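Chemist: Need coordinates for the following:
(one chain, ligands or ions: 1)
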Amino acid sequence: MDLTGQIANFHFNHILLNAAGVKCQTTAELDQVLASPYSGSVVTKSATPMVRPGNPSPRYYQLPEELGSINSMGLPNEGFAYYLDYVLNKQTDKPVFFSVAGLTKDDNLAMLMELEQSDFNGLVELNLSCPNVPGKPQTAYDFEATRAILTEVFAFFTKPLGVKLPPYFDMVHFDMIAAVLNDFPLAFVNTINSIGNGLAIDPHTDTVVIKPKGGFGGLGGSLVKATALANVRALRERLNESIKIIGTGGVTSGRDVYDLVLCGADLVEVGTQLMVEDTPVFERLEGELANELDKKNYQSLAEIRGKLQTIA
Ligand SMILES: O=C(O)c1[nH]c(=O)[nH]c(=O)c1Cl
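Modeler: Predicted structure coming up:
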């Protein structure tokens with residue numbers, strides 16, 4: 001059975017990997033994800049130029065009844081140089097994603113310039129959708145700003161680059177972001193990031209469950225699946241076929257992976273459920289995915305990729 005994926009010149013023997021932010025802040029975590037026989041890759045925690053402690057805790061909370069999670073981490077990371085050192089020295093046959101999330105356009109340009117000039121030979125993910133830095137907007141909700149930064153990036157950047165997008169909820173917004181992205185030689189888009197600025201309440205104390213931003217945080221896990229499916233499908237229908245899609249959001253079972261591939265995903269990322277189960281989740285999900293294909297006598301993901309049917 002062929003459960004592989006492809007982005008640019010990179011072949012992935014397995015399509016599952018972590019979502020940026022989960023199990024990827026330290027070298028030990030990155031090594032564990034890469035070492036899993038059932039992960040196809042790893043993505044670093046989104047990096048800023050300097051080390052960041054992030055927001056005050058509690059800043060992550062697992063919602064009840066396996067609904068998902070809420071987080072307002074605030075971009076904690078070990079700093080750009082730490083992750084560059086890791087990716088330059090790590091011996092692995094798997095492609096590696098380097099995520100950057102500067103707080104300013106200049107920070108992003110500086111990190112991307114350093115990556116361009118380095119020996120890094122993996123893929124770069126420009127995170128345009130962090131919802132949790134107080135006072136900072138999710139860039140990709142501003143279509144002009146998104147066009148502006150991509151114009152400046154592609155003036156010098158020649159390595160495989162993709163963007164991490166927030167979820168969109170309006171058909172016109174799908175049209176508008178696709179019109180921007182189709183003007184650039186992107187290797188991929190990664191959709192969705194968490195659904196920004198949700199709120200959860202502890203029923204015993206009548207108090208919010210995380211400290212930053214009065215309890216507002218990004219939502220992940222099963223409750224975001226329908227939005228993730230819609231964003232993968234809408235962008236697959238609108239983007240040039242040269243722009244591949246990483247489907248992220250709402251994956252707790254092999255059927256969820258199957259559904260994202262049906263909508264057009266080339267790779268699939270796991271966030272909240274990876275927090276719950278740790279790296280064994282990759283083996284469980286791939287086994288369940290294979291079973292889903294078996295049920296319908298498919299031999300490869302290529303037979304179902306993008307093949308979601310509508311009602312005539
Ligand atoms: O608070 C975070 O660190 C964070 N949390 C998210 O849910 N998405 C992101 O892109 C980031 Cl950068």
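Chemist: for the stretch 51-200 of the chain, what spans make up the strands?
Modeler: Assigned by DSSP state E, counting those that start in this stretch, the strands in the stretch 51-200 of the chain fall at 60-62, 69-71, 96-100, 123-127, 161-165, 188-191, 195-199.
Chemist: Now render those strands as CSV, adding mean pLDDT.
Modeler: Putting those into CSV (pLDDT from 0 to 100) gives the following:
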stretch, mean pLDDT
strand 60-62, 98
strand 69-71, 98
strand 96-100, 99
strand 123-127, 98
strand 161-165, 98
strand 188-191, 99
strand 195-199, 98
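Chemist: Mind putting the ones you listed into JSON lines with mean neighbour count and distance to the ligand?
Modeler: Every C-beta, even on glycine, is put in place using the N, C-alpha and C of the backbone. Output for those, formatted as JSON lines (neighbours: other CB atoms under 10 Å; distance: least, CB to the nearest ligand atom, whole Å):
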{"stretch": "strand 60-62", "mean neighbour count": "17", "distance to the ligand": "9"}
{"stretch": "strand 69-71", "mean neighbour count": "26", "distance to the ligand": "5"}
{"stretch": "strand 96-100", "mean neighbour count": "25", "distance to the ligand": "8"}
{"stretch": "strand 123-127", "mean neighbour count": "24", "distance to the ligand": "5"}
{"stretch": "strand 161-165", "mean neighbour count": "26", "distance to the ligand": "6"}
{"stretch": "strand 188-191", "mean neighbour count": "27", "distance to the ligand": "10"}
{"stretch": "strand 195-199", "mean neighbour count": "18", "distance to the ligand": "8"}
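Chemist: can you list those in JSON lines and add distance to residue 27?
Modeler: Output for the strands of the stretch 51-200 of the chain, formatted as JSON lines (distance: least, CB to CB, whole Å):
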{"stretch": "strand 60-62", "distance to residue 27": "21"}
{"stretch": "strand 69-71", "distance to residue 27": "22"}
{"stretch": "strand 96-100", "distance to residue 27": "12"}
{"stretch": "strand 123-127", "distance to residue 27": "18"}
{"stretch": "strand 161-165", "distance to residue 27": "22"}
{"stretch": "strand 188-191", "distance to residue 27": "22"}
{"stretch": "strand 195-199", "distance to residue 27": "29"}
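Chemist: So for residue 40, which of these sits nearest?
Modeler: strand 96-100 (10.5 Å; CB to CB).
Chemist: sorry, back to before: and the strands of the stretch 51-200 of the chain: which comes nearest residue 211?
Modeler: strand 60-62 (10.1 Å).
Chemist: where exactly do the helices run in this protein?
Modeler: Secondary structure of the chain (DSSP state H): helices located at 27-35, 80-89, 105-117, 143-153, 171-181, 225-238, 254-263, 272-277, 280-295.
Chemist: And the contacts of the first one?
Modeler: When contacts are taken as CB atoms under 8 Å, 6 or more residues apart in numbering, the neighbours of helix 27-35 outside the stretch itself are 17-18, 23-24, 39, 41-42, 44, 86, 90, 92, 94, 96, 278-279.
Chemist: can you pull the alpha-carbon coordinates of it into PDB?
Modeler: Provided in PDB are the C-alpha atoms of helix 27-35 (Å, rounded to 0.1, in the frame of the first residue of the first chain):
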ATOM      1  CA  THR A  27      16.200  19.000  20.200                       C
ATOM      2  CA  ALA A  28      15.000  16.000  22.300                       C
ATOM      3  CA  GLU A  29      11.400  16.500  21.100                       C
ATOM      4  CA  LEU A  30      12.400  17.000  17.500                       C
ATOM      5  CA  ASP A  31      14.600  13.900  17.600                       C
ATOM      6  CA  GLN A  32      11.600  11.900  19.000                       C
ATOM      7  CA  VAL A  33       9.300  12.900  16.200                       C
ATOM      8  CA  LEU A  34      11.900  12.200  13.600                       C
ATOM      9  CA  ALA A  35      12.800   8.800  15.200                       C
END
